[in-house]
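Student: can you look at this prediction? I've put the sequence above it.
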2 protein chains.
Amino acid sequence: MAGLKQVQRQTGVALWRQIADRIREAIGNGAYDETGMVPPETVLALQFGVNRHTVRSALAALAQEGIVRAVQGRGTLIERKERLNFPITRRTRFTAGIGDQAREMRSLLLDEVKEEASSEIARWLGLKPGATVIRLETLREADKRPVSKATSWFPAERFAGIGEAYRKHQSITKAFAELGLADYVRATTEVTAAHADTADLADLELTPGAILLIAKAMNTDLDGVPVQYSISRFAADRVQFTIEN
Amino acid sequence: MAGLKQVQRQTGVALWRQIADRIREAIGNGAYDETGMVPPETVLALQFGVNRHTVRSALAALAQEGIVRAVQGRGTLIERKERLNFPITRRTRFTAGIGDQAREMRSLLLDEVKEEASSEIARWLGLKPGATVIRLETLREADKRPVSKATSWFPAERFAGIGEAYRKHQSITKAFAELGLADYVRATTEVTAAHADTADLADLELTPGAILLIAKAMNTDLDGVPVQYSISRFAADRVQFTIEN
DNA sequence: TATGGTTGTCTATATCAATAGACATTTTAA
DNA sequence: TTAAAATGTCTATTGATATAGACAACCATA
């Protein structure tokens, strides 16, 4: 079921990077759990059909990420292995959803801007194009490891001061509560995937070629009035989404 | 909002491939819609900060995919541009969901196998480990373009002959109906993203480095009894998922 | 029809990626 | 203590990747 590991040449993606990605994925899927170690370099080289030096380049990249640690004479130990589950339901909330899977949650407000809504944002929030909206750029971490970077838009009139409230509580739910919105629900979520650009690479501490899961979400109050539209970019090798119907 | 195009060196991913991926994405997002053309090679080279020859390698790769076509003296024309929307709800069905977005739908049964359920499959289907299940490998196309490749498991006792029924109707829904299951619902969906392996590259007509959206789904009958567990791999640049709550 | 803008082709050079082989160093276990 | 198994380091060679420059071929249009 896991699928044979294979690798292609002359594709613009170096073999060592393809192999590093496969091994990272295998670790995340729980292969190698019995030993807690990656197979020996010579075995991996045979499995992937490449030279041992090429495997070493891949393992060096994973060591750089802190995922494995090579010990001379013993082997290559797995250091970290995680994939957070992120449920998407009517009651989706980042902090509550991840809360029990990580010891420490953190949310950083990177930027707060008041701007005119683009036609797309206006459509999602049910506003006239050009209406004023507040845009927040946030970075969310679990156990000091960045999980997602999000851009959120709010109607400026109704939620003036949401940046300050968010900075204080480090939670959208609590920020809404402070501004008089006791409850809200997830109306729609669109999920796509893409390669990370350089800005996301830096903020999410990813290596180039990394994949993002992108969730575009619209939240409404209990009367169905849009209160938030957001685009969240998740490190694909650290999360999975669960949709329960 | 689209983000500046940027590109990184010495990452194991060739510059021409990074640039090809960025341009493909930009085309999918509707940039360049006004002209129907990609900017001139010299302009792209300047934007990405690379040599013109490197841009030409990227455009050659996109031409190979049939996405653009270069015309000497005029420029590089955009040939194809699509992203199918795939709703995920309690009533998710592939054919009905995509039906109105493409002219021609097709479903191929690649393989049918009777096997023992692994512990994971047994858990999802509510069976004892080692129980007999039927596994179907299917490829789904929209307008002759492969969209997803799926592996599905069914309880063998209840759905004997589902392979034959699927081959006849080219639809899970109709195959279920023929076997006496008039209706079913989507219970859970897990979404992840990963790089495509070589088997998927070939079947989905992708280029190496391509991204897959992976949906692991469990369907039940109206009494909540599992009837199907499936792992579908979608070409990420051809689809998006929509979750309506 | 002349010109500017665009893609196509060629040569040359430097660096990265991958293979190959040999041997050192460290750990584990016989 | 010894041998086997594993990672670490070094040299050498080949092909892919990227840059640089020059010029040809083609198209649209002033």
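Tutor: That came in fine, so what should we check first?
Student: for chain A, what lies in contact range of DNA strand D?
Tutor: By Cβ under 7 Å from any atom of the strand, the part of chain A that sits against DNA strand D consists of A:10-12, A:38, A:40-42, A:53, A:56, A:59, A:70-76. Quick note: C-beta positions are derived from backbone N, CA and C, even for glycine.
Student: of those residues, list those near DNA strand C.
Tutor: A:His53, A:Val71, A:Gln72, A:Gly73, A:Arg74.
Student: just the closest of those to B:Ile27, please.
Tutor: A:His53 (37.8 Å; Cβ to Cβ).
Student: from chain B, how far out is A:Arg123?
Tutor: According to Cβ to the nearest Cβ, to the nearest Å, A:Arg123 and chain B sit 14 Å apart.
Student: and that residue, that one's in a helix?
Tutor: Yes - judged by DSSP: H, G, I helix; E, B strand; the rest coil, A:Arg123 forms part of a helix.
Student: distance of it from B:Leu181?
Tutor: A:Arg123 sits 39 Å away from B:Leu181, going by Cβ to Cβ, to the nearest Å.
Student: comparing these two, which shows the higher neighbour count?
Tutor: Using other Cβ atoms under 10 Å in any protein chain shown as the criterion, A:Arg123 and B:Leu181 rank with B:Leu181 on top: 19 against 13.
Student: quick check: the more buried one is in a helix.
Tutor: No - per three-state DSSP, B:Leu181 lies outside any helix segment and is coil.
Student: which residues of chain A score low on pLDDT?
Tutor: A:1-6, A:10, A:82, A:94-105, A:208-209, A:245 (pLDDT under 70).
Student: for it, which residues are neighbours of DNA strand C?
Tutor: Checking chain A against DNA strand C by Cβ under 7 Å from any atom of the strand, the hits are A:9, A:14-17, A:49-51, A:53-54, A:57, A:71-74.
Student: so which of the residues you listed reach chain B?
Tutor: Applying Cβ under 8 Å from any Cβ of the partner chain, the subset of the residues of chain A next to DNA strand C adjacent to chain B comprises A:Ala14, A:Trp16, A:Arg17.
Student: right, and out of those, which lies closest to DNA strand D?
Tutor: A:Ala14 (7.6 Å; Cβ to the nearest atom of the strand).
Student: what subset of the residues of chain A next to DNA strand D is buried?
Tutor: A:Thr11, A:Gly12, A:Val38, A:Glu41, A:Arg56, A:Leu59, A:Gly75, A:Thr76 (16 or more other Cβ atoms under 10 Å in any protein chain shown).
Student: tabulate those (TSV), appending secondary structure.
Tutor: Below are these laid out as TSV (three-state DSSP):
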residue	secondary structure
A:Thr11	coil
A:Gly12	coil
A:Val38	strand
A:Glu41	helix
A:Arg56	helix
A:Leu59	helix
A:Gly75	strand
A:Thr76	strand
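Student: between which two of these is the distance greatest?
Tutor: Maximum distance among these (Cβ to Cβ): 31.7 Å, for A:Gly12 and A:Gly75.
Student: count of neighbours near A:Asp203?
Tutor: For A:Asp203, using other Cβ under 10 Å, the count is 17.
Student: can you pull up the bridge partners for A:Thr76?
Tutor: A:Val38, A:Ala70 (DSSP bridges).
Student: wait, it sits on A:Val68?
Tutor: Yes - the criterion here is Cβ atoms under 8 Å, and A:Thr76 meets it with A:Val68 at 5.1 Å.
Student: quick one: furthest residue from the center of chain A?
Tutor: A:Gly73 (35.8 Å; Cα atoms, centre = their mean).
Student: tell me how chain A divides into domains.
Tutor: A:15-78, A:84-243 (automatic domain parsing).
Student: what are the ranges of the strands in chain A?
Tutor: A:37-38, A:68-71, A:75-78, A:84-88, A:105-116, A:132-142, A:145-155, A:185-195, A:211-220, A:226-235, A:239-244 (DSSP state E).
Student: near chain B, anything from the last one?
Tutor: Yes - if you take Cβ under 8 Å from any Cβ as the test, strand A:239-244 does meet chain B, through A:Val239, A:Gln240, A:Phe241, A:Thr242, A:Ile243, A:Glu244.
Student: for the second one, the count of nearby residues, please.
Tutor: What it means is A:Gln240. As a burial measure, A:Gln240 scores 20 neighbours (other Cβ under 10 Å).
Student: which residues touch it?
Tutor: A:Arg83, A:Leu84, A:Asn85, A:Phe86, B:Glu190, B:Val191, B:Thr192 (Cβ atoms under 8 Å, 6 or more residues apart in numbering or on different chains).
Student: dump the residues you listed into TSV; add neighbour count as well.
Tutor: Output for the contacts of A:Gln240, formatted as TSV (neighbours: other Cβ atoms under 10 Å in any protein chain shown):
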residue	neighbour count
A:Arg83	18
A:Leu84	18
A:Asn85	13
A:Phe86	23
B:Glu190	18
B:Val191	26
B:Thr192	22
